[in-house]
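Trainee: Return atomic coordinates for the entry below.
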Amino acid sequence: MGKPAYLALLAKHANVCSAMILAAQELPEDDTLGTYLARWLTHMRSRVRARTWQGYECLIRCHVVPALGSRALGDLEPLDLQELYGRLLEGGLSAGTVLNLHLVLTNAFGQAVRWRLTSPNPMEGVQPPRPRRADTVAMGIEAAEQLLDALIDSPVQLPAAIAIATGMRRGEILALRWSDVDKDFTLAHVRRSLQSTSREVVFEPPKTRRSRRAVVLPGFVRPYLQQQLRSQLGRAKQLGESWQDHDLIVDRGDGAPLNPATLSSGWGRILRQRGLNHVRFHDLRHAHATIMLQQGVHPKIVSERLGHASIGITLDTYSHVMPTMQAEAVEAIDAAFASKALEREPDAYEGT
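Mentor: Got it, this is the predicted structure:
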């Protein structure tokens, strides 16, 4: 495919913003990193989630094309990319973002090798930074109850209650339908997730195979759901034909999906208005896991409720809870063997 035809295809799909298209127009014939990455983005559009693709495009457009886009694809060396990481870090980009960029480029260059456009793979000699992992906020039962009480009559109380009760992700909560919950509000099925892009919100399949799951609902969340059902019936009657019936449990007020970004921004604003300490909405998912582990629920069950790909992720994420659990385990073992210890207590040594 010649350069004009390729640029026409790029513009037709509107996959890459105008800035990247203009950058590609200024590049030499189709052997540059910039034109290859644009082609790779077109290839990846149907292979990943819309939001994931948007992240790829942004990282490439903002950080790779300006620095290395005009370089010949086959001339890139590991040191070129390693120095790019260093400049980005010195310029204030977080180690986590640079790591994400590294993963994107690893994928892109791997495909270039498979397409026989370059060899060897320059990424094989590049080392990404190690971002510092943020501490997981540990919210106990008392703090969770106080938070829900402080959110009474706010639009974020229901999603907060669902998050604490189930450990669902934000997008999973916003995609949850009444048809996903049984009639007595004791079981919810996670079948999809709501994700936002720069243009729209889209319903997508769960993040992983294990993310598609059934979650037993605790009794305390039932009144929240019943109240929401009554509220929606009243609003639907009031709005009439303006009501958008998407069968969603959490809606934006007219039955339509609530943008995840709107929930997050509204969450922070309401916490400030009510004088509450800042916690991320995602920390409520951590609260659910922490409370369950503190109550002695087996980590395997916690992992299944959260939809983690493996129990190892659960144990690694919530290792801060484990020391207490280990102390309780030792006490249980001591209690079990207490009688045996007394039976085997040796007589005092008299000596001769």
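
Trainee: what's around residue 140, how many residues?
Mentor: 12 (other CB atoms under 10 Å). Every C-beta, even on glycine, is put in place using the N, C-alpha and C of the backbone.

Trainee: could you pull out the helices for the stretch 1-150 of the chain?
Mentor: 3-13, 18-25, 33-44, 50-59, 65-68, 78-90, 95-114, 141-150 (DSSP state H, counting those that start in this stretch).

Trainee: how about these, which one is nearest residue 210?
Mentor: Nearest to residue 210 among the helices of the stretch 1-150 of the chain is helix 50-59 (18.2 Å), distances taken as CB to CB.

Trainee: How far does that closest one sit from its chain's centre?
Mentor: Here helix 50-59 is found 14 Å from its chain centre; the criterion is CA atoms, centre = their mean, to the nearest Å.

Trainee: helices or strands up against that helix?
Mentor: helix 33-44, helix 95-114, strand 193-196 (3 or more CB pairs under 8 Å, 6 or more residues apart in numbering; DSSP states H and E).

Trainee: Now do the buried residues in it.
Mentor: For helix 50-59, the neighbour count (16 or more other CB atoms under 10 Å) marks 50, 51, 53, 54, 55, 56, 57, 59 as buried.

Trainee: which of these lies closest to residue 207?
Mentor: Looking across those and measuring by CB to CB, the closest to residue 207 is residue 51, at 11.1 Å.

Trainee: Quick one: neighbours of the spatially closest residue to that closest one that is not a sequence neighbour, just the number.
Mentor: The shortest distance from residue 51 to any non-neighbouring residue, by CB to CB, 6 or more residues apart in numbering, is to residue 195 (4.6 Å). Counted with other CB under 10 Å, the neighbours of residue 195 add up to 22.

Trainee: wait, what's in contact with residue 195?
Mentor: 49, 50, 51, 171, 201, 202, 203, 204, 260 (CB atoms under 8 Å, 6 or more residues apart in numbering).

Trainee: Swap in 7 Å and give it another go.
Mentor: Shown in contact with residue 195 (CB atoms under 7 Å, 6 or more residues apart in numbering): 49, 50, 51, 171, 201, 202, 204, 260.

Trainee: so how far is residue 259 from the first one?
Mentor: Distance, residue 49 to residue 259, using CB to CB, to the nearest Å: 16 Å.

Trainee: tell me the most buried of the helices of the stretch 1-150 of the chain?
Mentor: For the helices of the stretch 1-150 of the chain, the largest average neighbour count (mean count of other CB atoms under 10 Å) is found in helix 33-44, namely a mean of 22.

Trainee: so what does that helix touch, helix or strand wise?
Mentor: helix 3-13, helix 18-25, helix 50-59, helix 65-68, helix 95-114 (3 or more CB pairs under 7 Å, 6 or more residues apart in numbering; DSSP states H and E).

Trainee: Can you report the mean pLDDT over the residues of that helix?
Mentor: In this model, helix 33-44 has a mean pLDDT of 96.

Trainee: now it against helix 95-114, angle please.
Mentor: 90 degrees (axes from the mean of the first three to the mean of the last three CA atoms, to 10 degrees).

Trainee: just checking, residue 150 touches residue 276?
Mentor: Yes. Counting by CB atoms under 7 Å, residue 276 is a contact partner of residue 150 at 5.7 Å.

Trainee: about what we covered before: as TSV, the helices and strands packed on helix 50-59 with distance to residue 82 would be great.
Mentor: What follows is those, written out as TSV (distance: least, CB to CB, whole Å):
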stretch	distance to residue 82
helix 33-44	15
helix 95-114	10
strand 193-196	33
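
Trainee: So which of these is nearest residue 309?
Mentor: So among the helices and strands packed on helix 50-59, strand 193-196 is nearest, using CB to CB, at 14.9 Å.

Trainee: Nearest residue to residue 117 in space, please, no chain neighbours.
Mentor: Excluding the flanking residues, the one nearest residue 117 by CB to CB, 6+ apart is residue 73, at 6.1 Å.

Trainee: For the one you found, list the residues it contacts.
Mentor: Residue 73 makes contacts with 31, 32, 33, 36, 112, 117, 118, as judged by CB under 7 Å, 6+ apart.
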